[in-house]
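**Student:** got a sequence here, can you model it:
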Amino acid sequence: MNYTDSTLLIVGNVPQYFFDNLVIAQTQDIKRTIHSPEKVPDPRIRRDRPWEVKSYFTVNSWSVLRDSRSDQFRCWYEDFHVDPDGIARTGTFNPYFSATCYAESTDGVRWEKPELEYYVKDGNRTNVVIGDPVHNIKCEGIGVFEDPLEKNPDHRFKGTIDNVMGPPAEAGAELNRTRDASDGLSGRVRMEIHSSADGLAWTPFAEELQFGRHGPGLGDCFTIFPDVDSGVYRLITRAAGMESIHYPAQWPRNDTFFPPNYPHDPARMNKRRIYVAESSDLVHWTRPQCILSPDPQEDNLDEAFYGMCETKLGEIYVGFVNTLQQVDNTMNVRLAYSRDGWRWYFLNQRRPWLSTNPGAWDSLMVNISSPPIPVDSEHHVYYGGSSGHHDWWIMGKKEGLNVPDALDKHHGEYCLGLAKFRRDGFVSLDAGPVREGVWVTHALRPSGRALILNAVCGKNGYIRVEATDADDNVLDGCSVDACDTFTGDNTRHRLSWKGRSDIPYGETVRLRFWMRDASVYSFQFQ
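**Tutor:** Predicted structure coming up:
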């Protein structure tokens, strides 16, 4: 990748990461490492209540956040009441009911399901907060976020819901998944946004959402990322009509869950892929634009991008791309990044960032639908997982598949898992234990005089830094010989030179690193 605009080197006090080579001018005996999280054994949340039918921790059907006021960890997840027997009998998904359930935790590890008043079944209170089979209020998927752009505390939490299978939450005529084909947008579904003061009592927006010329319709699988820096909401979604292509009548085609695909034919691109729309009010959205599409050469013939959630580190957008392998009917998660939110690039040669675990409860499916949560010196990564397949349990009976999923819809339950990794520790620059590594930054324009490192050293490892001006003149007192050598493990180490941590620079500063058996994850001027 070639970033040619020098203004990107005006770094201010924003942390600098190594997803790309923007700040790096030279390396010698230095490598880059992509770090995956380490899973905590056993699921954190699973189906264990009599009213739960299928706790559906799949893509964009659950959300986890940490409440900024209470520090409580909170989870919303879909209970999916789909009927595979009914699908086999009628050939359609209707009718069915889905609900949004709620769980909470004080430490993010041990979770409880409170008994609430919203929905009572057989005289027992449940943890359902949205959805009512009696009044035919249905919801598919749930994406909850605490809105940093919202000033009214009554609407502190927002939630997205795919209400395609039921009427609008305020009541009305049943919606049809296949709209009038004359607009070219078959597959258009209804997305609703609800708001809440406490995350338990939810109220739908009164105004119908609009998506450019797509009108009120949209594809399913969506999350919203409030971009505080720009003051806009970014909707990561599918587009209506993304599978509305012409299928040649004379070419062979099976009656299975996934349609045929046509490599290297952009006019017939119909795979699931990632789109973005933006809004300043959560109601009026730009037309969704495609930002990530499977490449028929780089990706396998059967791979599709099922959905993505997004977060931001400094000025880097980080995307967790849930990637479906259609033939094996499995899913893993890839890591992508962008500097502008529109041009995206995969890390790690498209290898999974979060993988399935053979023989475990998450042996076939993993997905990330909420961004990692910083907790002290770590990041908590919550993920959905299953030892069942993506759709065999839903469509297996209809298609006559001879697989365990088709015989028992509870084969391979979906659960919520937890994995952890170093805080902001996605990517590091590393030197080995044998040769000393050296790397140099471009001349940067900071707005702070202290240098903060997120770094770790091995048993005999070290890191030393020298600061120069743009013309490589060593700044007063900041030579490598004067540097107080770092040999520890710290996500916020304040570097010093003979006890002094202020760098006496002018407009620009260049950093030179010498290191052995050590890793640097980020640096920041403060």
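
**Student:** can we go C-alpha only for contacts and neighbour counts from here?
**Tutor:** Noted.

**Student:** quick one, helices of the stretch 401-526 of the chain?
**Tutor:** Secondary structure of the stretch 401-526 of the chain (DSSP state H, counting those that start in this stretch): helices at 404-407.

**Student:** surely Glu104 touches Glu115?
**Tutor:** No. Using Cα atoms under 8 Å, Glu104 is not in contact with Glu115, being 11.4 Å away.

**Student:** so which of those two has more stuff around it?
**Tutor:** A count of neighbours by other Cα atoms under 10 Å puts Glu104 above the other of Glu104 and Glu115, at 21 against 15.

**Student:** now do the phi/psi pair for that one.
**Tutor:** Per-residue torsions, Glu104: phi -150, psi 160 (degrees, to the nearest 10).

**Student:** what distance separates the start and the end of stretch 363-370?
**Tutor:** End-to-end distance of stretch 363-370 (Cα to Cα, to the nearest Å): 20 Å.

**Student:** ugh, wrong one, stretch 77-87
**Tutor:** Span of stretch 77-87 from end to end, Cα to Cα: 23 Å.

**Student:** change the start of the numbering to 44 and stick with it
**Tutor:** Sure, I'll start numbering at 44, so the last one becomes stretch 120-130.

**Student:** sec struct for Glu121, please.
**Tutor:** strand (DSSP: H, G, I helix; E, B strand; the rest coil).

**Student:** which residue, neighbours along the chain excluded, lies closest to it?
**Tutor:** Thr143 (4.6 Å; Cα to Cα, 6 or more residues apart in numbering).

**Student:** surely the one you found is in contact with Thr169?
**Tutor:** No. Applying Cα under 8 Å, one finds Thr143 not in contact with Thr169, separated by 10.9 Å.

**Student:** what packs against the lowest-mean-pLDDT helix or strand in the chain?
**Tutor:** Every helix and strand in the chain was compared by mean pLDDT, DSSP states H and E; the lowest is strand 260-261, with a mean of 79. Applying 3 or more Cα pairs under 8 Å, 6 or more residues apart in numbering; DSSP states H and E, we find strand 260-261 packed against strand 232-239, strand 253-254.

**Student:** map the structural domains onto the sequence of the protein.
**Tutor:** Domains of the chain are assigned by automatic domain parsing as 49-78+470-568, 81-287+309-465.

**Student:** for Lys463, give me its contacts.
**Tutor:** 80-83, 421-424 (Cα atoms under 8 Å, 6 or more residues apart in numbering).

**Student:** just the ones in strands from those, please.
**Tutor:** Among the contacts of Lys463, the members falling in strands are 81-82, 421-424 (criterion: DSSP state E).

**Student:** ok, which pair from those residues is furthest apart?
**Tutor:** Lys82 and Glu421 (12.9 Å; Cα to Cα).

**Student:** now the lengthiest strand in the chain: average pLDDT?
**Tutor:** Counting by DSSP E, the longest strand found in the chain is strand 494-511. Over the span of strand 494-511, the pLDDT mean works out to 97.

**Student:** quick check, pLDDT for the residue nearest to Asp197 when sequence neighbours are not counted.
**Tutor:** In space, and not counting its chain neighbours, Asp197 is closest to Ala240: 4.3 Å by Cα to Cα, 6+ apart. Looking at Ala240, its pLDDT stands at 97.

**Student:** ok, Ala240 - contacts?
**Tutor:** So Ala240 contacts 196-200 (Cα under 8 Å, 6+ apart).

**Student:** also Lys82?
**Tutor:** Lys82 touches 460-463, counting by Cα under 8 Å, 6+ apart.
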